[in-house]
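1. coordinates only, sequence not included:
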């Protein structure tokens, strides 16, 4: 079992940066693949990035590759999403999630979710 709480969202301008954090409770954090998803109004929730248990492998949606970086600190039970060069189309609620499945980008493969944090990028 793991419980997730996101923080770090806010209102920024085009080109700015934000770092989202996902604090996890439970002693098994290091056993999960951690992912970030986002959902804009009227759209489906979409995969953003994920990182495997050790942090040695990461994968990204094409739309954020080169701008966003996912990382984790298992000692702090925390995952991060560093977002640079933000664009208005990055505006969405961002969700942290945990999965037992390596390589998955599917919402249904993530069994644990946070409540989300809003990111708004103004033009």
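-> Perfect, thanks for sending it. The structure displayed is predicted, hence computed values, not measured ones.
2. pull the contacting residues for the residue nearest to the spatial centre of the chain.
-> Ranked by distance to the mean C-alpha position of the chain (Cα atoms, centre = their mean), the top residue is residue 36 at 2.3 Å. Neighbouring residues of residue 36 by Cβ atoms under 8 Å, 6 or more residues apart in numbering: 20, 22, 48, 49, 50, 70, 79, 81, 94, 95, 96, 97. The C-beta positions use only the backbone N, C-alpha and C, and glycine is treated the same way.
3. those in strands, which ones?
-> If you go by DSSP state E, the contacts of residue 36 have 20, 22, 48, 49, 50, 70, 79, 81, 94, 95, 96, 97 in strands.
4. the fifth one touches residue 22, doesn't it?
-> Right, the one you point to is residue 50. No: with contacts counted by Cβ atoms under 8 Å, residue 50 stays clear of residue 22, the gap being 11.8 Å.
5. just to revisit the earlier point, most neighbours, which of the contacts of residue 36?
-> Among the contacts of residue 36, residue 79 has the most neighbours (other Cβ atoms under 10 Å), with 30 neighbours.
6. that one pairs with what?
-> With DSSP bridges applied, residue 79 shows beta-bridge pairing to residue 22, residue 72.
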